[in-house]
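S.K.: model this:
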Amino acid sequence: MQENFYFIIASMMNNIKETLFDFVQFLKNPKDEKIENKTKTQVAISFIVLLFFCYLVVSIPTSIIYILEKFGFYSTNEHAITGLMENLPIAIFLLVGVIIMPFIEELVFRLPLRFKNNLLYRFILFLSGIWGKRKKVIVRLFLTKKWKKHYLLFFYVLAILFAYIHLFNFKITPNVLLFSPLLVMPQFIAGLVLGYIRVRYNFLLGFLFHATYNAILFISVIFVFNQPTIRRNDITTDYKITIEDCKKNSKDDAVSTIGNKSISFENYSLNAAIAELLDKNIDLIETNNKDSFNKKINIKFEQLGDSTLNNQAKVLALLAETYHFKITSSFKFQDVYEMNLFDSILFNKNNQKFSTHLNSITNGENVLKLKNVNLDDLAKSLSTTYKLNVVNNIGSLSTLILRFQIAILTRQIIF
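M.R.: You can find the predicted model right below:
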């Protein structure tokens with residue numbers, strides 16, 4: 001019994017060594033050659049070994065990328081996976097990330113790695129067959145020779161393309177382009193392993209590996225991202241503050257409190273918090289990054305002692321430092337409408353009804369002034385109230401419409 005156990009362990013260790021050795025040798029000189037005569041058990045062991053190996057190697061560039069994010073060179077808040085997870089139900093998110101996308105990527109980047117499945121070469125052979133079997137044989141020999149000669153280049157070009165297509169998961173910035181080789185390194189490593197499995201085993205096993213790899217990754221991401229992430233937890237002589245990202249699928253109500261010595265926001269979107277801290281209408285806050293702008297956060301701020309801090313300004317500055325944005329001010333012109341109606345009989349007759357029907361301001365005995373009114377809605381309301389055919393045309397029914405522009409101060413949040 002004990003001898004059988006040691007034999008099994010020794011066999012597994014030998015299989016592990018063979019798998020890793022064959023993988024390394026393949027990367028040195030990729031060849032379009034399939035492994036033959038492997039049992040299902042040996043294939044399963046190789047599958048598990050390569051999965052662990054892939055995650056182990058990928059963890060190195062991933063750790064460096066994490067450090068870059070901490071120093072503010074880029075943000076995972078802008079990553080496409082984050083956006084999908086926030087906007088899709090978990091089941092659909094996993095279906096897309098674990099089944100649909102891996103299958104499409106395997107079709108595009110791994111299926112062509114075998115000569116007999118390369119659609120371009122098969123199409124060329126098909127065309128050559130039009131001129132006869134002899135011509136087709138000559139073309140096949142020529143393509144086979146070129147395939148073997150340039151296979152190494154073809155294999156690595158596809159792996160690089162597979163890696164760099166994932167760069168579009170990021171918001172493209174100068175920093176992202178600068179660090180792009182590092183940012184796509186995990187996908188490049190995974191692409192090499194997937195390419196090896198596709199060539200040395202088969203397409204189906206490669207797809208299964210890709211799906212398993214993504215499933216482990218995405219389930220881990222879902223678990224981590226659905227926990228509140230503390231972004232800041234500071235205590236100074238003047239204040240203490242905690243800033244954290246909310247759970248991604250949180251359904252809690254948004255609650256805010258701004259007091260003399262304390263400020264708190266619970267389950268608040270970043271843009272709404274900024275608007276309240278600036279004491280501005282949220283419609284006057286603009287940004288170049290909607291995803292980060294709409295993320296939900298928690299803030300707890302408390303002033304300590306007799307500090308003379310401007311608490312709202314301090315919280316705003318700490319938010320900007322935490323989420324790497326800056327606030328700029330500018331003026332933009334906005335159309336404003338004013339409508340003056342001169343009809344004392346109708347006005348006096350319906351004044352009470354009209355003033356409750358619309359949020360209006362009266363000025364003078366026979367003059368009604370309405371400002372910042374949507375003219376189409378106003379015309380519809382007037383028609384209903386006065387039983388008249390009021391349309392949005394200058395001069396209609398003794399109506400004078402003036403249009404002018406005013407400059408409104410807005411804030412831009414730049415990430």
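S.K.: the helix or strand that contains I81: how far from the chain's middle?
M.R.: If you go by DSSP states H and E, I81 is part of helix 80-87. Chain-centre distance of helix 80-87: 5 Å, with CA atoms, centre = their mean, to the nearest Å.
S.K.: tell me the spacing between G72 and D22.
M.R.: With distances taken as CB to CB, to the nearest Å, G72 is found 42 Å from D22. All C-beta atoms are positioned from the backbone trio N, CA, C, and that covers glycine.
S.K.: what helix or strand does E286 sit in?
M.R.: Assigned by DSSP H and E, E286 falls in strand 285-287.
S.K.: give the other helices and strands that that strand contacts.
M.R.: For strand 285-287, the elements it packs on are helix 270-278, strand 399-414, judged by 3 or more CB pairs under 8 Å, 6 or more residues apart in numbering; DSSP states H and E.
S.K.: tell me what the shortest one is packed against?
M.R.: Translated: helix 270-278. Helices and strands touching helix 270-278, by 3+ CB pairs under 8 Å, 6+ apart, are strand 255-258, strand 262-269, strand 285-287, helix 290-293, strand 296-303, helix 311-323, strand 399-414.
S.K.: any idea which of those gets closest to T242?
M.R.: Ranking those by proximity to T242 (CB to CB) places strand 296-303 first, at 4.7 Å.
S.K.: what is the mean pLDDT for that closest one?
M.R.: Taken as a whole, strand 296-303 has a mean pLDDT of 91.
S.K.: for stretch 139-154, same thing?
M.R.: For stretch 139-154, the mean per-residue pLDDT is 88.
S.K.: ok, and what's touching it?
M.R.: 29-32, 113, 115, 118, 121, 124-125, 128 (CB atoms under 8 Å, 6 or more residues apart in numbering).
S.K.: please redo it, this time with the cut-off set to 7 Å
M.R.: Contact partners of stretch 139-154, identified using CB atoms under 7 Å, 6 or more residues apart in numbering, comprise 29-32, 115, 121, 124-125, 128.
S.K.: next, give me the two most distant ones among those residues.
M.R.: Among the contacts of stretch 139-154, N29 and S128 lie farthest apart (CB to CB), at 28.9 Å.
S.K.: more crowded one of these two?
M.R.: S128 (19 against 9; other CB atoms under 10 Å).
S.K.: residue ranges of the strands in the stretch 1-150 of the chain, please?
M.R.: In the stretch 1-150 of the chain, no segments count as strands under DSSP state E, counting those that start in this stretch.
S.K.: buried sites along the helix holding I81?
M.R.: Across helix 80-87, burial judged by 16 or more other CB atoms under 10 Å covers 81-82, 85-86.
S.K.: then stretch 194-214?
M.R.: 194-201, 203, 205-211, 213-214.
S.K.: got it, and stretch 151-169?
M.R.: So, applying 16+ other CB under 10 Å, buried residues of stretch 151-169: 151, 154-156, 158-159, 162-163, 166, 169.
S.K.: in helices, which of those residues appear?
M.R.: Here DSSP state H is the test, and these give 151, 154-156, 158-159, 162-163 as lying in helices.
S.K.: for F203, which non-adjacent residue is spatially closest?
M.R.: Nearest residue to F203 in three dimensions, chain neighbours excluded: L111, at 6.0 Å (CB to CB, 6 or more residues apart in numbering).
S.K.: tell me, how many residues neighbour that neighbour?
M.R.: Neighbours of L111 (other CB under 10 Å): 15.
S.K.: next one: T328
M.R.: 10.
S.K.: list the beta-bridge partners for it.
M.R.: With DSSP bridges applied, T328 shows beta-bridge pairing to Q412.
S.K.: could you list the low-pLDDT ranges of the stretch 151-300 of the chain?
M.R.: Applying pLDDT under 70 to the stretch 151-300 of the chain flags residues 227-228, 247-251, 291.
S.K.: quick one: contacts for F301?
M.R.: Contacts of F301 (CB under 7 Å, 6+ apart): 239, 241, 262-264, 311, 315.
S.K.: can you rerun that using 8 Å?
M.R.: Contacts for F301 (CB under 8 Å, 6+ apart) come out as 239-241, 262-264, 311, 314-315.
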